[in-house]
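Participant: okay, sequence plus prediction incoming.
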Amino acid sequence: MTHTPAQNGAAVDGTELETALQEITAELQSRSERGQPADYIPPLARVDPAHFGIAVTLTDNRLFAAGEAEMPFSIQSISKVFTLTLALGMAGDSLWRRVGREPSGDAFNSIVLLEHERGIPRNPFINAGALVVADALLSRARAPRETIGEILRFLRFVADDESVAADPAVARAEKATGHRNAALANYLYSCGNLNNPPDHVLGVYFHHCAVTMSCAQLARAGAFLANGGRNPATGRSVVSPERARRINALMMTCGHYDGSGDFAYRVGLPSKSGVGGGILAVVPGVASVAVWSPGLNGQGNSLLGIEALEMLSHRMGWSVF
Ligand SMILES: NC(=O)CC[C@H](N)C(=O)O
């Protein structure tokens, strides 16, 4: 049977989607090979890899979910989609003088390219790029606490949920163990590509990485990217359609770091991963999908989260290719 994929959320068959989510969840909950949780951030290392949840928000605001879709988890680098969105709203295209738009082909915490490329990070999703983005946000408010507050207010706005918060224990653990990020921040500062003290930038970065959300909250938060920049829950514009397209483009090429090519090949959707085991994927014009399985693969991306999205994209005909 040739599948005619829905071109917008309202055309999606709810029964077909519900069945797909239930069957994918049952299959992946039964798997023994689940990857390993992030071991370098102590609170994340203790998360049970048996967890699995998935949620889909359609552009007509219908929400479908399966598994532990209401259980909060550390969104980690998925938060970089939202800090980038904020920074572009504040600095516009001038941001691209300080950070590139190219995939790095290296690990998310790699420092090797920074020296070769004069302290200009390849893209805003690798850690070095996210530190530059955090610095850009900090330069408006000056105080880390105010900047963190601004990021949380934005996440609550796009999720339409005032309960979104950061886990202070995770932020503290990252500060205590984040020596690699401290090296990145100080190297960026030495190249003149941080305008604020490295410790202040790191404080903002660790806190936005420590935000906890459930799959349901995250799917809602990312829905504006599937809906031409407009939040389907509130009808309010978050970014222009053009900016939504460009953020999606960066998610497609850079969202899974040195696993981005394989993800595009297998799933065919703009996405952003986090070492907490979450993935946010965007089906432009149709849906926002959030999946959580804490076990990671060698690139620090969710092993079963990728497989769930591959299965869902195939069943629903959602690949953009
Ligand atoms: N890919 C990730 O989620 C990495 C984020 C994590 N806070 C780090 O800096 O290493």
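Facilitator: Arrived safely.
Participant: where does the stretch 101-250 of the chain dip in pLDDT?
Facilitator: For the stretch 101-250 of the chain, no stretch is flagged by pLDDT under 70.
Participant: if we go to 90?
Facilitator: Residue ranges of the stretch 101-250 of the chain with pLDDT under 90: 140-142.
Participant: the closest residue to the ligand within it: neighbouring residues, count only.
Facilitator: The ligand sits closest to Cys209 of the stretch 101-250 of the chain, with a gap of 3.6 Å, by C-beta to the nearest ligand atom. For every residue, glycine as well, the C-beta is placed using N, CA and C. Cys209 sits with 29 neighbouring residues when counted by other C-beta atoms under 10 Å.
Participant: that one touches Glu174, doesn't it?
Facilitator: Yes: taking C-beta atoms under 8 Å as the definition, Cys209 is a contact partner of Glu174 at 6.4 Å.
Participant: and Met213, how many neighbours?
Facilitator: Count around Met213 with other C-beta under 10 Å applied: 27.
Participant: could you report the pLDDT at Thr2?
Facilitator: Turning to Thr2, the model gives it a pLDDT of 54.
Participant: quick check: closest non-adjacent residue to the most centrally placed residue in the chain.
Facilitator: Centroid check for the chain by C-alpha atoms, centre = their mean gives Ile78 as the closest residue, at 2.0 Å. Ranked by C-beta to C-beta, 6 or more residues apart in numbering and with sequence neighbours excluded, the top spatial neighbour of Ile78 is Gly274, at 4.2 Å.
Participant: confidence score at the one you found?
Facilitator: Reading off the model, Gly274 has pLDDT 98.
Participant: backbone dihedrals for the residue nearest to the centre of the chain, please?
Facilitator: When read as degrees, to the nearest 10, the backbone of Ile78 gives phi -60, psi -30.
Participant: can you check Ser74 too?
Facilitator: The phi/psi pair for Ser74 (degrees, to the nearest 10) reads phi -80, psi 120.
Participant: and it, bridged to which residues?
Facilitator: For Ser74, the beta-bridge partners under DSSP bridges are Thr212.
Participant: surely it touches Ala169?
Facilitator: No: applying C-beta under 8 Å as the test, Ser74 and Ala169 come out as separate, 10.0 Å apart.
Participant: check contacts around the residue nearest to Ile78.
Facilitator: Neighbour list for Gly274: 74-79, 209 [criterion: C-beta atoms under 8 Å, 6 or more residues apart in numbering].
Participant: same thing but 7 Å
Facilitator: 75-78 (C-beta atoms under 7 Å, 6 or more residues apart in numbering).
Participant: farthest pair in these?
Facilitator: The distance between the two most remote of these (C-beta to C-beta) is 7.9 Å, for Ile75 and Ser77.
Participant: neighbour-wise, which of those two wins?
Facilitator: Remark: of Ile75 and Ser77, Ile75 carries more neighbours, 32 against 25, as counted by other C-beta under 10 Å.
Participant: from Arg101, how far off is that one?
Facilitator: Applying C-beta to C-beta, to the nearest Å, the value for Ile75 to Arg101 is 22 Å.
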